[in-house]
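Visitor: Output the structure for:
(4 chains)
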There are 2 protein chains.
Amino acid sequence: MAEDVSRRQALAGGSEARESFHSVRLEIGLSRQPTIKDVASKAEVSFKTVSRVLNGEPHVRKEVRERVLAAAAALDYRPNIAARGLIGGRSRLIGFLYDNPNYSYVTEAEIGALLRCREAGYHLAVEPVDSRGDVPRQIEQIISSLRLDGVILTPPISDDPGALAVLDRLGVAHVRIAPEAGRDKGPCVFIDDEAAAFALTRHLIGLGHSTIGFVQGHPDHGASHLRQAGFERAMAQAGLTTRPAHMVQGYFTFESGMSAGRALLDAPDRPTAVFAANDKMALGVMAAARELGLSAPEQISIAGFDDTRAAQISSPQLTTVRQPVDIMCQAAADMLITLAANEALDDPALQLPFEIRARGSTAAPAAEPQSV
Amino acid sequence: MAEDVSRRQALAGGSEARESFHSVRLEIGLSRQPTIKDVASKAEVSFKTVSRVLNGEPHVRKEVRERVLAAAAALDYRPNIAARGLIGGRSRLIGFLYDNPNYSYVTEAEIGALLRCREAGYHLAVEPVDSRGDVPRQIEQIISSLRLDGVILTPPISDDPGALAVLDRLGVAHVRIAPEAGRDKGPCVFIDDEAAAFALTRHLIGLGHSTIGFVQGHPDHGASHLRQAGFERAMAQAGLTTRPAHMVQGYFTFESGMSAGRALLDAPDRPTAVFAANDKMALGVMAAARELGLSAPEQISIAGFDDTRAAQISSPQLTTVRQPVDIMCQAAADMLITLAANEALDDPALQLPFEIRARGSTAAPAAEPQSV
DNA sequence: TTCGAATCTGACAACGTTATCTGATCAGCC
DNA sequence: GGCTGATCAGATAACGTTGTCAGATTCGAA
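Guide: Numbers count the residues shown, from 1 in each chain, chains lettered A, B, ... in the order given. Have a look, this model is predicted:
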C-alpha cells in the first residue's frame, strides 16, 4: 500500500502530487487528526472562518456557518488543545490541588469537579501538594509547567496563605473549598461548618445527652475550629458544660479517632455521646467503643461530620452532617470556567446548605445513668 | 498605568519602544513566564542551544551547557508544555481512565500513577468513562482533545474490547490494570487473582470452615471470574462441595453485598463463613450479619478482597487479600513513560505479588455445629 | 600552515490555533 | 449611481518549542 502511494507521487508532479496524496490519506481514513485546515477545505472556506465558527464569533453568514459545522462534524474534528493553549494562554486545564489523598472527601470532590469540567470542554489535572513542604513553590511548579487556567484548592491548602499569595502573584484564578477565613478575599465555596456542628450537637442534646465528648479535627484545617465553635455554642446555649477531659485532639484520621475514643471512653466519667469532627474519626471512636465492649448506640452514641461513603457502610450507620462536597467542587469548577472566560462571578463566596443525617449510631442515652 | 505605558510607546519610535517596554517588564520582575529566549539572551547563546541543553542533546560544550543551566535556574525557567506538545505530538500528559468512581481502588490507583508521573515530569489527566455508554467514542474524544501520550485503563475498561481497538487504531500507548484475559496482547499489570482467591479460601478451610458462601463480583469485571475460579478450586481440592444457594451474585457494591449477605445468612443452612469477591461486598455481608444478630467472627467469618482502606477501619477489621493497587498503577505509569520515550518494555505483562491479610473478621467456626 | 573531519552553534521552518488587520461585498442612503 | 457603513471573509503574524540543515569553529594530521 505504501508502495502504491509513492508510485502515485512519482507519476504526478509537484504540488498536485501532494494534494492527491493528501486526499488519498483522507479517503483511506488514516488516523491522523483532522486539523482546522482540513475542515476549511472541506467546507470551502478559509481556515480562519472555521475558527470563527467554532469559537462562536460573529460575522459569519448563517449559510457558511452551517456548512462549516457540517464539515467539522463529518470529519469528527476536535481542536488541538496544545495549539489553543499556546496562542491564547488558556490551557483549558483546571488544576485540582489537594494535600493528603486519604482525606475521604477527595474522591467525591474530584468527581464533582470532573463532571462540570467535562461539560464545559475542560479537563482536570489532579495534583497532590505536600503541605508540610514548600507549598508556594510546589504550586508555582505545577502552574507554570501546565499553564493551568485555574485551580481548585481543597483543605488544608485552602487556608495556606503562601498558596494564595503565589496564585495572586501569578494571576491564576482559584477557588477555595471550605476555607476557614478570608471568605471575602476571593472566590470560595463552603458550608456553614459552625452552624452544622451546632445543629448536630443540638440533635444529640435533643436525644437527651448531657455529657458529650468532642474529638477535634486537624488543627491546620480551618473547618476544625469552626466545628468546635459550633459544638461549644450549642453546649453553652443548653447550659451544659464541657469538661476539658472530654475535648480530645484528633487529626482527621481513623487512628487518631480511635485513640481519642479510647481516651474518652476508657474513663470513669465517660460521656454518653461523642461528636467527632469528621467521619473517619467517628469510625475510630466506634472501633474503640467496640474494643471496650460498648455497643453503639445502646451504650454510646457516636456522630461524625461529612457524610462520607464510609459513614453509610459502617455498622451501625453513622449519624453525621452531609456536606455536599461533590456539588461544592462542581460549583468551584463552574466559577473557574466563568473566570477563565473573563466574566464576572455572580457570587464569589458561595454558601451551600448542609443536612443533618440522623442514623443508627445515635440514640437516647440509657435510661439509668451509667455507673462505671 | 496603562496610560503611562501607551505614552511611553507613543514617545519612543517603533520597535525600539517595544524593546524598552520589554526590558522594563523584565526589570520590574513581572510575572510573565520566562521563555527559552529569555534564557538564551541571559546565557548569551541562541535559543536553539538552550533547547539542546534542556533536552540533554549532545554537541554542546560543557562550558556552554553550564552557562545555560545556570541561566535557566536563575530565571526559574520551565518549558511551556503546550508548545512542546504542539510540535512533538507528546503532551506529557497521561490519561487515567476509570469507570465507576465508587470502585474503592480508584483513589489508591490514582495516587500511585500520580507519584510516578510527577517524578518523570508528566502529569495525570483523570477521565471518567461510562462503560454503559459508547466506550470507544468516549476514549477517542478524550485522546484527541488532549493528545495524551498514553492511558492507564482500570477495570472494567481494561477488558473492554472496543477500548483496546480504538487505542490501537489511534496508536496510543496503553497499560491495562488487572485485565481478565489477553495478558499477552499488550502491556498490563496484574496480580494472580485466581491464586489469591485460592489462598484466601484455603485460609478459611484451614480455620475449620467447611460450609463457605461466596459472593460473586460484577460480571463485567474479569477479576470476578478469576476470583470465583480460585475459590472453587480450593473447595474442590479440599473435597468440599459448594451448594448453588451459597453462590450469590453481587456487583462489587456495599448494597449488593448486603442483599447477598441477607440471602446467605437468613436461611436454615447458612454457611459458617462467607468470602466476598471484594471488600465493599464483604462489608455489606457484615452489615447484613449484624442486622440478623450474628456477630463476626464468633458466629460468622467474613472475608473480602482488595484490602481497601475500608477493610482496615471496619469493626472487626476485615480479613482480605492485599492487592497493591498503588504499586500496580505506579508500574503502569512507568511503562507508559518508557513507551513514550520510544523504548521497549522489559516485561509487558507484569505480575505483582499479593498478600493474605488475616484479621479479626475470620476465626474458627463455633465448636458446636450451628443449629438454627 | 592547510585540509578534512568532528564538533559545536545558529538561522529558519514547522506544529495548529487565535488575533489583527486589511480587503471584499452588500445594503441603504443621498 | 456613488458614497458610507455594516457585515463578512481571508492573509498574515504571532504563540514557544523542537527538527532540519547549513555554517562556524576546533582539532588532529599531513
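Visitor: The residue nearest in space to the middle of chain A: helix or strand, and which one exactly?
Guide: Nearest to the mean C-alpha position of chain A, by Cα atoms, centre = their mean, lies A:Ala109 at 2.9 Å. Using DSSP states H and E, A:Ala109 sits in helix A:105-119.
Visitor: Taking helix B:105-119 as reference, get the angle to that helix.
Guide: 80 degrees (axes from the mean of the first three to the mean of the last three Cα atoms, to 10 degrees).
Visitor: packing partners for the next helix or strand after helix A:105-119?
Guide: Per DSSP H and E, the first helix or strand lying C-terminal to helix A:105-119 is strand A:123-128. In terms of contacts (3 or more Cβ pairs under 8 Å, 6 or more residues apart in numbering or on different chains; DSSP states H and E), strand A:123-128 is packed against strand A:93-98, helix A:105-119, helix A:135-146, helix B:105-119, strand B:123-128. Backbone N, C-alpha and C define where each C-beta goes, glycine included.
Visitor: tell me the mean pLDDT over the third one?
Guide: Across helix A:135-146, the average pLDDT comes to 84.
Visitor: That helix and chain B, are they touching?
Guide: Yes. With Cβ under 8 Å from any Cβ of the partner chain as the criterion, chain B is reached by helix A:135-146 at A:140-141, A:144-146.
Visitor: Would you mind measuring from the residue nearest to the centre of chain A to A:Leu153?
Guide: Look at A:Ala109 and A:Leu153: by Cβ to Cβ, to the nearest Å, they are 11 Å apart.
Visitor: A:Ala349 now?
Guide: Going from A:Ala349 to A:Leu153 by Cβ to Cβ gives 14 Å.
Visitor: what about those two, which has more around it?
Guide: A:Leu153 (28 against 16; other Cβ atoms under 10 Å in any protein chain shown).
Visitor: Excluding chain neighbours, give the residue nearest to that one in space.
Guide: Residue nearest to A:Leu153 in three dimensions, not counting chain neighbours: A:Arg176, with 4.8 Å by Cβ to Cβ, 6 or more residues apart in numbering or on different chains.
Visitor: which SSE is that neighbour in?
Guide: Per DSSP H and E: strand A:173-177 holds A:Arg176.
Visitor: Adjacent strands (with direction) for the helix or strand just after that strand?
Guide: Proceeding N to C from strand A:173-177, the next assigned helix or strand is strand A:188-191, under DSSP H and E. The sheet places strand A:188-191 alongside strand A:173-177 (parallel), strand A:349-352 (parallel), with pairing taken from DSSP bridges.
Visitor: contacting residues around strand A:188-191?
Guide: A:158, A:175-179, A:182-183, A:323-324, A:328-329, A:331-332, A:335, A:348-354 (Cβ atoms under 8 Å, 6 or more residues apart in numbering or on different chains).
Visitor: Mind giving me the ChimeraX command for buried ones among the residues you listed?
Guide: Filtering those down to the buried ones (16 or more other Cβ atoms under 10 Å in any protein chain shown) takes a single ChimeraX command:
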select /A:158,175,176,177,178,179,183,323,324,328,329,331,332,335,348,349,350,354
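Visitor: near DNA strand C, which of the contacts of strand A:188-191 show up?
Guide: Among these, no residue sits close to DNA strand C (Cβ under 7 Å from any atom of the strand).
Visitor: near DNA strand D, which residues of chain A?
Guide: Of all the residues in chain A, those lying near DNA strand D are A:45-46, A:48-49, A:58-61, A:64, A:83, A:86-87, going by Cβ under 7 Å from any atom of the strand.
Visitor: count of neighbours near A:Ala341?
Guide: When neighbours are counted by other Cβ under 10 Å, A:Ala341 comes out with 10.
Visitor: same deal with A:Gly284?
Guide: Neighbourhood size, A:Gly284 [other Cβ under 10 Å]: 28.
Visitor: What's the separation between it and DNA strand C?
Guide: The gap separating A:Gly284 from DNA strand C is 51 Å, by Cβ to the nearest atom of the strand, to the nearest Å.
Visitor: Same question for A:Cys188.
Guide: Separation of A:Cys188 from DNA strand C (Cβ to the nearest atom of the strand): 28 Å.
Visitor: likewise A:Gln249?
Guide: 52 Å.
Visitor: what about the nearest residue in space to that residue that is not next to it in sequence, neighbour count?
Guide: Leaving aside its sequence neighbours, A:Gln249 sits nearest to A:Gln216 (Cβ to Cβ, 6+ apart; 5.1 Å). Burial of A:Gln216 is recorded as 21 neighbouring residues (other Cβ under 10 Å).
Visitor: Next one: A:Gln216 from A:Glu291, what distance?
Guide: Distance from A:Gln216 to A:Glu291, by Cβ to Cβ: 21 Å.
Visitor: before we move on, what about A:Thr319?
Guide: Here the criterion is Cβ to Cβ. By it, A:Thr319 lies 20 Å from A:Glu291.
Visitor: Which one of these two is surrounded by more residues?
Guide: More crowded of A:Thr319 and A:Glu291, by other Cβ under 10 Å: A:Thr319, with 29 against 15.
Visitor: what sits against that one?
Guide: A:200, A:203, A:301-304, A:356-362.
Visitor: and if you look at A:Arg243?
Guide: Taking Cβ under 8 Å, 6+ apart, we find A:Arg243 in contact with A:Asp269.
Visitor: And A:Ile205, by the same measure?
Guide: A:212, A:234-235, A:238, A:240.
Visitor: Could you check how far it is from A:Thr242?
Guide: 12 Å.
Visitor: which neighbours do the two share?
Guide: By Cβ under 8 Å, 6+ apart, the residues touching both A:Ile205 and A:Thr242 are A:212, A:235.
Visitor: ok now stretch A:240-258, how far from the chain's centre?
Guide: Remark: stretch A:240-258 is offset 27 Å from the chain centroid, using Cα atoms, centre = their mean, to the nearest Å.
Visitor: Using PDB, list the CA coordinates for stretch A:116-125.
Guide: Presented in PDB, the C-alpha positions along stretch A:116-125 are these (Å, rounded to 0.1, in the frame of the first residue of the first chain):
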ATOM      1  CA  ARG A 116     -18.500  20.100  35.400                       C
ATOM      2  CA  CYS A 117     -15.200  20.300  33.600                       C
ATOM      3  CA  ARG A 118     -16.200  17.800  31.000                       C
ATOM      4  CA  GLU A 119     -19.500  19.500  30.300                       C
ATOM      5  CA  ALA A 120     -17.600  22.700  29.500                       C
ATOM      6  CA  GLY A 121     -14.800  21.100  27.400                       C
ATOM      7  CA  TYR A 122     -12.300  21.400  30.200                       C
ATOM      8  CA  HIS A 123     -10.100  18.800  31.700                       C
ATOM      9  CA  LEU A 124      -8.800  18.200  35.200                       C
ATOM     10  CA  ALA A 125      -5.200  17.800  36.200                       C
END
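Visitor: what's the spacing between that stretch and its chain's center?
Guide: For stretch A:116-125 - counting by Cα atoms, centre = their mean - the centre lies 13 Å from the chain centre.
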